[in-house]
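>>> What follows is a predicted structure for the sequence shown.
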Amino acid sequence: MPTDKVYNLIILDESGSMDSIKNATISGFNELVQTIRGIEKQYPEQQHFISFVTFNGLGIKTHLDKQPVASLSAINAETYRPDSMTPLYDAIGLSVLKLKVDVAGQENSSVLVTILTDGEENASREFSGAQIKKIIDEQKAAGWTFTYIGANQDVEKVAASISIVNTMQFNANEEDVKIMFRKEMDSRVRFSQRLRNREDLTANFYNDDETIAHGKS
């Protein structure tokens with residue numbers, strides 16, 4: 001009988017620049033879901049849920065909302081269609097605040113937020129960087145873990161501006177995307193091990209002494 005609930009919130013860039021790595025992103029996301037399924041079997045005391053949000057200048061779409069990982073279906077070229085600009089702050093603000101309300105008051109619950117983008121903010125209308133930093137600081141104080149995976153930007157600087165210390169950088173090509181997703185999957189296994197051991201979950205999500213593609217993790 002599971003005693004720990006883990007909410008995996010994945011916020012994925014669907015702007016036009018992601019089109020060049022669309023196939024690798026779809027494949028990587030689907031493999032990531034399989035990894036989380038495997039983690040749930042490896043750690044039967046944990047029950048994993050996935051919320052999956054994509055964003056671009058045409059809108060912010062919630063594909064999955066706290067769905068049990070066992071019931072998920074794969075994404076494909078019809079459900080993931082990169083286009084338009086990058087309202088990064090709006091996607092983070094709306095999805096994090098919604099999940100905050102949904103999990104409020106739950107005991108023995110952990111939240112892991114993963115943000116993946118190949119470009120910087122350029123189209124938000126509802127949230128500023130300062131507002132996002134405040135939201136993230138508040139949820140980190142509540143024990144949430146935030147990670148930021150980025151390309152075509154100074155990842156550490158951008159992530160630090162919104163109070164995220166767990167970062168990974170990749171180059172926007174298919175091979176580097178595959179490497180990035182492999183490291184992301186390995187890190188999730190370590191996250192669940194730390195949860196079992198009741199260790200700190202908020203920092204050191206990626207190993208500091210490893211590199212990914214041509215960037216620092």
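Received the coordinates, thanks.
>>> Listing request: residues of this protein with sub-threshold pLDDT.
Low-confidence regions of the chain, defined by pLDDT under 70, span residues 208-217.
>>> quick one, strands of it?
4-13, 46-56, 59-68, 109-117, 145-150, 166-169, 211-212, 215-216 (DSSP state E).
>>> mind putting those strands in CSV, mean neighbour count and distance to residue 29 included?
No exception for glycine: its C-beta is placed from N, CA and C like everyone else's. Shown next, in CSV, are the strands of the chain (neighbours: other Cβ atoms under 10 Å; distance: least, Cβ to Cβ, whole Å):
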stretch, mean neighbour count, distance to residue 29
strand 4-13, 22, 7
strand 46-56, 23, 8
strand 59-68, 15, 10
strand 109-117, 23, 9
strand 145-150, 24, 12
strand 166-169, 23, 15
strand 211-212, 17, 17
strand 215-216, 16, 20
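>>> Could you export the ones you listed as TSV, including distance to residue 83?
TSV is the format used below for these (distance: least, Cβ to Cβ, whole Å):
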stretch	distance to residue 83
strand 4-13	11
strand 46-56	6
strand 59-68	10
strand 109-117	15
strand 145-150	19
strand 166-169	24
strand 211-212	27
strand 215-216	26
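>>> Of all these, which one comes closest to residue 23?
Across the strands of the chain, residue 23 has its closest neighbour in strand 4-13 (14.1 Å, Cβ to Cβ).
>>> Could you check the angle the closest one makes with strand 145-150?
Computed by axes from the mean of the first three to the mean of the last three Cα atoms, to 10 degrees, the angle separating strand 4-13 from strand 145-150 equals 20 degrees.
>>> residue ranges for the helices of the protein, please.
22-42, 88-103, 129-141, 155-161, 174-197 (DSSP state H).
>>> need the contact list for residue 40.
Taking Cβ atoms under 8 Å, 6 or more residues apart in numbering, we find residue 40 in contact with 46-48, 69-70.
>>> between those, which is closest to residue 16?
If you rank these by distance to residue 16 using Cβ to Cβ, residue 69 comes first, at 29.8 Å.
>>> any idea how far residue 105 is from the closest one?
Remark: distance between residue 69 and residue 105 (Cβ to Cβ, to the nearest Å) = 22 Å.
>>> Which of these two has more residues huddled nearby?
Neighbours were counted for residue 69 and for residue 105 using other Cβ atoms under 10 Å; residue 69 has more, 20 against 5.
>>> thought that one was touching residue 36?
Yes: using Cβ atoms under 8 Å, residue 69 is in contact with residue 36, at 4.9 Å.
>>> picking up where we left off before, could you identify which of the helices of the chain is most buried?
helix 88-103 (a mean of 20; mean count of other Cβ atoms under 10 Å).
>>> can I get the CA coordinates of that one in CSV?
Taking Å, rounded to 0.1, in the frame of the first residue of the first chain, the C-alpha atoms of helix 88-103 are listed here in CSV:
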residue,chain,number,x,y,z
LEU,A,88,7.5,30.7,-20.0
TYR,A,89,6.5,32.7,-16.9
ASP,A,90,2.8,32.2,-17.6
ALA,A,91,3.2,28.5,-18.0
ILE,A,92,5.1,28.2,-14.8
GLY,A,93,2.8,30.5,-12.8
LEU,A,94,-0.5,29.0,-13.9
SER,A,95,0.5,25.3,-13.5
VAL,A,96,2.4,25.7,-10.2
LEU,A,97,-0.4,27.7,-8.6
LYS,A,98,-3.0,25.2,-9.7
LEU,A,99,-1.0,22.2,-8.3
LYS,A,100,-0.4,24.1,-5.1
VAL,A,101,-4.2,24.3,-4.6
ASP,A,102,-4.7,20.7,-5.6
VAL,A,103,-2.2,19.2,-3.1
